[in-house]
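*Asks:* Kindly return the folded structure for what I paste below:
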Amino acid sequence: MIKKKIQELKTAVKDNRFMNDLKEVSEDFNIVDLEGWTNEDV
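*Replies:* Model (predicted):
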């Protein structure tokens with residue numbers, strides 16, 4: 001089972017749509033980190 005997961009990850013890094021989505025999510029997290037969290041947001 002773990003070998004299958006590793007193979008899926010190796011395939012995913014070649015998938016442009018996946019990589020674009022991953023980049024967008026990463027940028028969103030960077031924005032949140034820069035803005036910070038307040039107690040009202042949680």
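
*Asks:* Pull up the gap between the residue most central in space within the chain and residue 9, please.
*Replies:* In the chain, the centroid-proximal residue (C-alpha atoms, centre = their mean) is residue 22; its distance is 4.0 Å. For residue 22, the distance to residue 9 equals 11 Å [C-beta to C-beta, to the nearest Å]. Where C-beta positions appear, they are placed from N, C-alpha and C, glycine not excepted.

*Asks:* Also residue 24?
*Replies:* Distance, residue 24 to residue 9, using C-beta to C-beta: 19 Å.

*Asks:* List phi and psi for residue 15.
*Replies:* When quoted as degrees, to the nearest 10, the phi and psi of residue 15 stand at phi -90, psi 110.

*Asks:* can you count the residues close to it?
*Replies:* If you count neighbours by other C-beta atoms under 10 Å, residue 15 ends up with 11.

*Asks:* Tell me the confidence at it?
*Replies:* Per-residue confidence at residue 15 stands at 95 (pLDDT).

*Asks:* before we move on, what about the one 3 residues further on?
*Replies:* According to the per-residue confidence, residue 18 scores 94 in pLDDT.

*Asks:* Now whichever helix in the chain runs longest - C-alpha only, CSV.
*Replies:* Of all the segments of type helix in the chain, defined by DSSP state H, the longest one is helix 16-35. Extracted in CSV, the C-alpha atoms of helix 16-35 (Å, rounded to 0.1, in the frame of the first residue of the first chain):
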residue,chain,number,x,y,z
ASN,A,16,0.5,20.4,-14.0
ARG,A,17,-3.0,20.9,-12.6
PHE,A,18,-2.0,19.3,-9.3
MET,A,19,1.2,21.5,-9.1
ASN,A,20,-0.8,24.6,-9.9
ASP,A,21,-3.4,23.8,-7.2
LEU,A,22,-0.6,23.1,-4.7
LYS,A,23,1.1,26.4,-5.5
GLU,A,24,-2.2,28.3,-5.0
VAL,A,25,-2.8,26.7,-1.7
SER,A,26,0.7,27.4,-0.6
GLU,A,27,0.3,31.1,-1.6
ASP,A,28,-2.9,31.2,0.4
PHE,A,29,-1.2,29.9,3.5
ASN,A,30,1.6,32.4,3.0
ILE,A,31,-0.9,35.2,2.9
VAL,A,32,-2.6,34.0,6.1
ASP,A,33,0.8,33.7,7.8
LEU,A,34,1.6,37.3,6.8
GLU,A,35,-1.7,38.7,7.9
